[in-house]
Structure formats: C-alpha cells, structure tokens
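Enquirer: Generate a structure from the sequence data that follows.
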Amino acid sequence: MNNDSNHLPVSKQFYLRELREGFGASWPICLGYFPIGLALGVLAQQAGLPWWAVLLMSIMVFAGSSQFICIAMLAGGASLLSIIATTLVVNLRHALMSSALAVHLQDVNRWFLSLFAYGITDESFAVNMVRFRDQEWSKWSALGVNQLANLVWIISTVSGTVIGQFIPQGAFGINYALTAMFICLLIYQLRGAIFLLTALATALIALAWYLLIPGDSYIVGASMGGATLGFLIKRWQRSEHGTD
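Expert: Okay, here's the model as predicted:
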C-alpha cells in the first residue's frame, strides 16, 4: 500500500517528517493537558463562563496558569484592570523562556517566530529546550510540539465547560491539577546539583516575596531572581574549572 506522503515534493516531505517528530515529542504534554484543560473548563463553567468565552480565552491567551487565575478572579468579583495586570505579571515569565529559545532559532523569519512564540508554554519550553540541547532538533519539530499541545488544550478546555455542569464543585481534586503538573515539570528539570540549588533558592525567594510584598509579583520576582542566581552559579562553576 502506497503512502500518499511519498508523492509529495521533497521539501514538503521534510517538513511533514519534522512536524511528525514534534507531534511525537508532544504527546506527554497532551496527556497532561487534557485533564488539566478539562479541570479549567469545569471551573470556568462553574464560575459562569459560557463555552465560547472559554474557547476565545484558550485561543487568545493559551496560558494555563493565567487562565486559572483569571477564572478565580472573575469568580471573586475582581475588576477588569486587576485581572489584566495580574495575568500580565504572571505571563512575564514567557519573556525569559522566549529569550532562552531564541538562541536556537537564529535566522528565522518573523512570521515563523510569531507562530512559534504564540505556542510557547512552560511544558513545550521544557520539552524543546531538552531536545535542542541534547539532540538534533529542528525549528519545525519544535513548532509541532507547540501547536499540537495548543490544539489539545483548546479542545480539552471547551470540553470541560460541556461536562462541568455534571461535576460538583471541588470534586476529584480539580483545583490541584495545575499545581501537580508544575511539580512534575520541576522534577524532570532537576538534573544536577546546580538545578536543585536554583530550585530551592527560587522557592525561598518566592516564599519571602509572598510574605513581604502583597500581590502576585512574587511569581515573576522569584523566576527572575532564581534564573539570575542559577546563571551566576553556573558562571562561577565554569570559571572555577577554567572553562569560561
């Protein structure tokens, strides 16, 4: 039986092969996104949001933590300005992730970068960074990771609003779903003493910031502080071993 892809031009076959590699790498993200997306949809439905509003949110925002925060603030009667400001601060970490990925996306046109940047999340960042660092990984494979995860997220969040009416509030530990996913991502990133030390320092910074400074700025402050500390430790280690 002939494969239809064999009749495509060589360039198209290459792009399809690279995208399929990205799809294959993204399936663990998709498995995690589906229950979390369902949880988000359920919470959104219970907060009074219709399915089309959740659809637009998932398409235009595509940031799980910000969407959870937004829904919680909407349910709590927060003002529009405070919701926008809070989600903006929470999403500033994407600037750090984009900067790290930009090293591996040299000489890429702006249209591709725009599409790629739209799909960057904590999970796709982690998957793509590991593969960019440890193996031959093309920009098209990385794009495949981003976009398949995006599609699964949109489908799961909208599905959650449909089934949300049948699920009691607080059932099945839904409120803990996003936290559990971030813990798993953290564990996968702990590949050495420097990573462990950076994670512990970031946690301490976040805790101190949260206790001393009101609001949600501790998320960005701890991220930037931890990243800076990790960079300085890594640089010190290289200078000590004469590799800098």
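
Enquirer: Enumerate every residue touching Val54.
Expert: Taking C-beta atoms under 8 Å, 6 or more residues apart in numbering, we find Val54 in contact with 40-41, 44-45, 157-158, 160-161. Just so you know, the C-beta spots here come from the backbone N, C-alpha and C atoms, and that holds for glycine as well.

Enquirer: Next up, the contacts around the residue found closest to Ala227 once you drop the neighbours it is linked to in the chain.
Expert: Distances taken as C-beta to C-beta, 6 or more residues apart in numbering place Leu96 nearest to Ala227, at 5.9 Å, with adjacent residues excluded. With contact taken as C-beta under 8 Å, 6+ apart, Leu96 is in contact with 223-224, 227.

Enquirer: Please identify the buried residues of the helix or strand harbouring Ser159?
Expert: Following DSSP states H and E, one finds Ser159 within helix 139-163. Residues 139-150, 152-161 are the ones in helix 139-163 that count as buried (16 or more other C-beta atoms under 10 Å).

Enquirer: in the chain, what secondary structure element scores lowest on mean pLDDT?
Expert: helix 177-189 (a mean of 66; mean pLDDT, DSSP states H and E).

Enquirer: where in this protein is pLDDT low?
Expert: Within the chain, the stretches with pLDDT under 70 are 1-15, 167-182, 184-185, 188-189, 216-217, 241-244.

Enquirer: Break it into its domains for me.
Expert: For the chain, automatic domain parsing gives the domain ranges 11-164, 190-244.

Enquirer: The shortest one: how far from the chain's middle?
Expert: By that I understand domain 190-244. Offset of domain 190-244 from its chain centre (C-alpha atoms, centre = their mean, to the nearest Å): 19 Å.

Enquirer: ok, now stretch 94-103?
Expert: 12 Å.

Enquirer: Quick check: buried residues in that stretch?
Expert: Neighbour-count burial for stretch 94-103, counted by 16+ other C-beta under 10 Å, picks out 94, 97, 101.

Enquirer: Which member of those residues is positioned nearest Ala201?
Expert: Met97 (18.8 Å; C-beta to C-beta).

Enquirer: shouldn't the closest one be in contact with Ile120?
Expert: Yes. Between Met97 and Ile120 there is a contact at 5.7 Å, judged by C-beta atoms under 8 Å.

Enquirer: re the thing from before, gap between the residue nearest to Ala227 and Asp122?
Expert: Per C-beta to C-beta, to the nearest Å, Leu96 is found 11 Å from Asp122.

Enquirer: hang on, the earlier thing: kindly export the helix or strand containing the residue nearest to Ala227 (C-alpha atoms) in PDB.
Expert: Per DSSP H and E, Leu96 falls inside helix 93-102. C-alpha atoms of helix 93-102 as PDB (Å, rounded to 0.1, in the frame of the first residue of the first chain):
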ATOM      1  CA  ARG A  93       8.000  34.600  32.600                       C
ATOM      2  CA  HIS A  94       7.400  33.900  28.900                       C
ATOM      3  CA  ALA A  95       9.900  36.600  28.100                       C
ATOM      4  CA  LEU A  96      12.500  34.500  29.900                       C
ATOM      5  CA  MET A  97      11.600  31.400  28.100                       C
ATOM      6  CA  SER A  98      11.500  33.100  24.800                       C
ATOM      7  CA  SER A  99      14.900  34.500  25.300                       C
ATOM      8  CA  ALA A 100      16.300  31.100  26.100                       C
ATOM      9  CA  LEU A 101      14.700  29.600  23.000                       C
ATOM     10  CA  ALA A 102      15.800  32.400  20.700                       C
END
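
Enquirer: Beyond that helix, next helix or strand please.
Expert: As assigned by DSSP H and E, the chain's next helix or strand after helix 93-102 is helix 110-118.

Enquirer: What are the contacting residues of that next one?
Expert: Contacts of helix 110-118 (C-beta under 8 Å, 6+ apart): 62, 98, 101, 105, 108, 139, 142-143, 146-147, 150.
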